[in-house]
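Chemist: just a sequence and a predicted model for now, questions to come.
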Amino acid sequence: MPNIIWANPHLTVDTVLENAKLYLRGRIVEAGLAIDGGRITKIAKTPNLPEGSEKIDVEGRLILPGLIDVHVHLRDQGLSYKEDFYTGTAAAANGGITLVMDMPNNEPTTMSLNSLRERMRIAEGRILVNTAFYSAFPKNVGEIGKIITEGGAVAFKLYMVRRIGGVDPTDREALNEAFRETARFGVSVAIHAEDIKMIEAGVEAMRNLGRNDPEAYLEVHTPEAEVKAIREVARLTEKTKAKVHICHLSSSAGVEAVSEMKSRGLPVTCEVTPHHLLLTSEYAKRLGGLALMDPPLRSEGDVKGLWRALHRGVIDIVASDHAPHTLEEKSGSSIWDVKTGIPGLETTLPLLLTEVYRGRLTLQSLVRLTSERPAMVFGITGRGRISEGGYADLVVVDMKRRFKIDSSSFLSKAKFSPFDGWEVRGKPVKTFVNGRLVMDDGEIVAKPGVGVIIRRMGGLG
């Protein structure tokens with residue numbers, strides 16, 4: 001890093017943010033900050049800040065580190081009618097998210113060095129926030145090392161509920177080999193934990209019975225299927241020492257299975273989504289396809305179990321699982337034909353800030369779960385906290401702003417949400433990415449390309 005004269009009050013910098021409340025190391029401090037070359041060069045009271053080419057008075061509002069969303073489906077390529085790199089990252093900026101991690105279940109699937117490079121090539125120049133990429137396992141697991149070291153994939157994704165990528169989730173020998181390779185390079189394997197055999201048998205049984213209602217879907221995608229998959233992952237990671245990250249935990253039983261892995265010292269982290277924290281299966285029964293996701297919404301008891309786990313520190317990360325679809329894909333006479341998932345980039349932070357206001361979540365926990373831990377778990381350096389020398393990925397929040405969620409105003413192409421009409425308190429009003437103002441009160445004010453591709457650096461773990 002170049003030498004920076006942090007304390008020179010006469011040095012002119014790119015941008016100065018004045019009259020702010022900064023979240024610094026677990027405390028809120030009345031101060032401002034200076035940004036130059038995309039990084040924070042000074043944090044101080046306003047009189048001690050350098051001159052800036054641009055000065056922005058944030059009017060006493062709170063500045064948090066920009067969120068890092070580790071579970072995002074940006075679509076594009078063959079699925080660009082659902083979302084593309086520009087609209088998806090615009091939605092992220094609108095939600096106070098400054099870095100997204102893109103999942104590999106695309107058309108074509110991201111599962112090789114060439115497909116990863118092509119996806120990055122398409123994204124570069126279009127993205128408004130920083131973007132990192134997962135890869136699915138390649139057919140030849142010997143290519144895993146190149147996908148990491150030459151391609152820059154930050155992690156791999158394994159769907160245990162269906163085959164996506166080059167490794168069959170029922171082929172234990174192939175999984176052992178793939179996990180050993182990721183362990184060699186020290187990268188995580190993110191897991192969609194539902195047992196494929198249980199799910200396929202359940203779907204077939206329901207179809208034979210003529211069941212195609214939302215409750216049938218819930219009866220197939222059970223907590224037991226989640227737990228069985230997690231226990232299989234535990235066996236794999238115990239044998240190979242691979243780091244694993246369990247995505248979108250949905251049940252009390254699933255959380256306990258992960259907690260057991262942690263107590264045994266296995267290298268496991270996990271995430272939960274806002275929708276699994278805030279909605280129950282009654283929403284799926286009432287809203288049908290609009291509230292259908294995979295894994296599905298669970299019972300009130302499961303929701304309470306997720307909150308207990310969050311408060312106990314079992315949950316490492318809150319992620320949106322932003323999964324945009326068209327309205328047509330979210331409706332239909334048969335639940336088996338409905339596409340699963342909901343948009344979440346523009347609702348995650350307001351929903352969590354509302355829980356802070358209600359006292360169910362502390363601001364410290366929010367920042368830890370959405371910024372600090374994501375950076376630590378996935379090896380993203382210089383981001384996830386506000387500090388001198390760190391990248392200026394920031395969100396300015398109006399904690400007093402009340403508004404109703406209105407999916408028709410989303411910047412995402414997906415104009416639906418089970419949270420439509422919810423009144424929330426706490427709104428992201430400015431988002432800075434690499435020191436550049438990207439979103440200002442709901443409007444995108446930067447050109448595409450201000451975001452950068454985040455590649456994993458280094459070789460063997």
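Modeler: On my side now, so go ahead.

Chemist: contacts, neighbours, all on C-alpha from now
Modeler: Will do.

Chemist: where does the stretch 351-461 of the chain dip in pLDDT?
Modeler: 458-461 (pLDDT under 70).

Chemist: can you show me the helices along it?
Modeler: 363-367, 373-377 (DSSP state H, counting those that start in this stretch).

Chemist: and the chain, by the same measure?
Modeler: 85-94, 113-123, 144-149, 172-185, 196-208, 214-220, 223-240, 252-263, 274-278, 281-287, 300-312, 348-358, 363-367, 373-377 (DSSP state H).

Chemist: residues of the fourth one that come out buried?
Modeler: Read that as helix 172-185. For helix 172-185, the neighbour count (16 or more other Cα atoms under 10 Å) marks Ala174, Leu175, Asn176, Ala178, Phe179, Arg180, Glu181, Thr182, Ala183, Phe185 as buried.

Chemist: contacts made by that helix with the rest, please.
Modeler: 137, 141-142, 144-145, 148, 167-169, 188-189, 236-237, 239-243, 459-461 (Cα atoms under 8 Å, 6 or more residues apart in numbering).

Chemist: mind checking how far the residue nearest to Glu215 when sequence neighbours are not counted is from Arg121?
Modeler: Residue nearest to Glu215 in three dimensions, not counting chain neighbours: Lys285, with 6.4 Å by Cα to Cα, 6 or more residues apart in numbering. In this view, Lys285 and Arg121 are 41 Å apart by Cα to Cα, to the nearest Å.

Chemist: and if you look at Asn48?
Modeler: 42 Å.

Chemist: higher neighbour count, the two?
Modeler: Shown here are Asn48 and Arg121; by other Cα atoms under 10 Å, Asn48 has more neighbours (16 against 12).

Chemist: hang on, the earlier thing: and the pLDDT for the residue nearest to Glu215?
Modeler: We have a pLDDT of 93 for Lys285.

Chemist: coming back round to it: which of the contacts of helix 172-185 are buried? Put it as a ChimeraX command.
Modeler: The buried subset of those, as determined by 16+ other Cα under 10 Å, is captured in ChimeraX by this line:
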select :137,141,144,145,148,167,168,169,188,189,236,237,240,241,242,243
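
Chemist: buried ones in stretch 281-288, by neighbour count?
Modeler: Residues Ser281, Tyr283, Ala284, Lys285, Gly288 are the ones in stretch 281-288 that count as buried (16+ other Cα under 10 Å).

Chemist: and Gly78, how many neighbours?
Modeler: 12.

Chemist: nearest residue to it in space, please, no chain neighbours.
Modeler: That would be Glu107: by Cα to Cα, 6+ apart, it lies 4.8 Å from Gly78.

Chemist: the one you found: how many residues sit nearby?
Modeler: For Glu107, using other Cα under 10 Å, the count is 12.

Chemist: hmm, it is touching Ser80, no?
Modeler: No: at 9.4 Å, Glu107 does not count as touching Ser80 under the criterion of Cα atoms under 8 Å.

Chemist: poorly predicted segments of the stretch 51-200 of the chain, please.
Modeler: Judged by pLDDT under 70, no stretch of the stretch 51-200 of the chain qualifies at all.

Chemist: returning to that earlier point: adding distance to Ala323 and mean neighbour count, write the helices of the stretch 351-461 of the chain out as JSON lines.
Modeler: Putting these into JSON lines (distance: least, Cα to Cα, whole Å; neighbours: other Cα atoms under 10 Å) gives the following:
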{"stretch": "helix 363-367", "distance to Ala323": "22", "mean neighbour count": "19"}
{"stretch": "helix 373-377", "distance to Ala323": "19", "mean neighbour count": "20"}
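
Chemist: compare those and report which one is nearest to Met293.
Modeler: Distance to Met293, taken as Cα to Cα, is lowest for helix 373-377 among the helices of the stretch 351-461 of the chain, at 22.5 Å.

Chemist: packing partners of the closest one?
Modeler: strand 67-72 (3 or more Cα pairs under 8 Å, 6 or more residues apart in numbering; DSSP states H and E).

Chemist: how about the helices of the stretch 351-461 of the chain in a markdown table, adding distance to Arg25?
Modeler: Output for the helices of the stretch 351-461 of the chain, formatted as a markdown table (distance: least, Cα to Cα, whole Å):
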| stretch | distance to Arg25 |
| --- | --- |
| helix 363-367 | 9 |
| helix 373-377 | 13 |
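
Chemist: out of those, which is closest to Ser320?
Modeler: helix 373-377 (12.4 Å).

Chemist: dump the C-alpha coordinates for the closest one into PDB.
Modeler: Extracted in PDB, the C-alpha atoms of helix 373-377 (Å, rounded to 0.1, in the frame of the first residue of the first chain):
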ATOM      1  CA  ARG A 373     -18.300 -12.000   9.400                       C
ATOM      2  CA  PRO A 374     -19.000 -12.200   5.700                       C
ATOM      3  CA  ALA A 375     -15.600 -10.600   5.000                       C
ATOM      4  CA  MET A 376     -13.800 -12.900   7.500                       C
ATOM      5  CA  VAL A 377     -15.500 -16.100   6.400                       C
END
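
Chemist: mind listing the residues bridging to His322?
Modeler: For His322, the beta-bridge partners are Val72, Ile342 (DSSP bridges).

Chemist: what's the burial count for it?
Modeler: 28.

Chemist: so it sits right up against Gly344, yeah?
Modeler: Yes: with contact defined as Cα under 8 Å, His322 reaches Gly344; the gap is 4.6 Å.

Chemist: give the contact list for the closest residue to Lys447 other than its chain neighbours.
Modeler: Residue nearest to Lys447 in three dimensions, not counting chain neighbours: Leu128, with 7.4 Å by Cα to Cα, 6+ apart. Residues in contact with Leu128, defined by Cα under 8 Å, 6+ apart, are Tyr86, Thr89, Ala90, Ala93, Val433, Val438, Ala446, Lys447, Pro448, Gly449, Val450, Gly451.

Chemist: repeat that for Gly301.
Modeler: Neighbouring residues of Gly301 by Cα under 8 Å, 6+ apart: Ser252.

Chemist: same check, this time on Val452
Modeler: Glu124, Ile127, Val129, Asn130, Thr131.

Chemist: the last one contacts Ile97, correct?
Modeler: To tie it back to what came earlier, the one meant is Thr131. No: counting by Cα under 8 Å, Thr131 stays clear of Ile97, with 10.6 Å between them.

Chemist: tell me which of these two has more neighbours.
Modeler: More neighbours surround Ile97 than the other of Thr131 and Ile97, with 31 against 26 (other Cα under 10 Å).

Chemist: for the closest residue to that one other than its chain neighbours, what are its contacts?
Modeler: In this structure, Ile97 finds its nearest non-sequential neighbour in Leu67, 4.3 Å apart by Cα to Cα, 6+ apart. Leu67 sits next to Gly96, Ile97, Thr98, Leu99, Val367, Thr370, Ser371, Gly384, Val395 when contact means Cα under 8 Å, 6+ apart.
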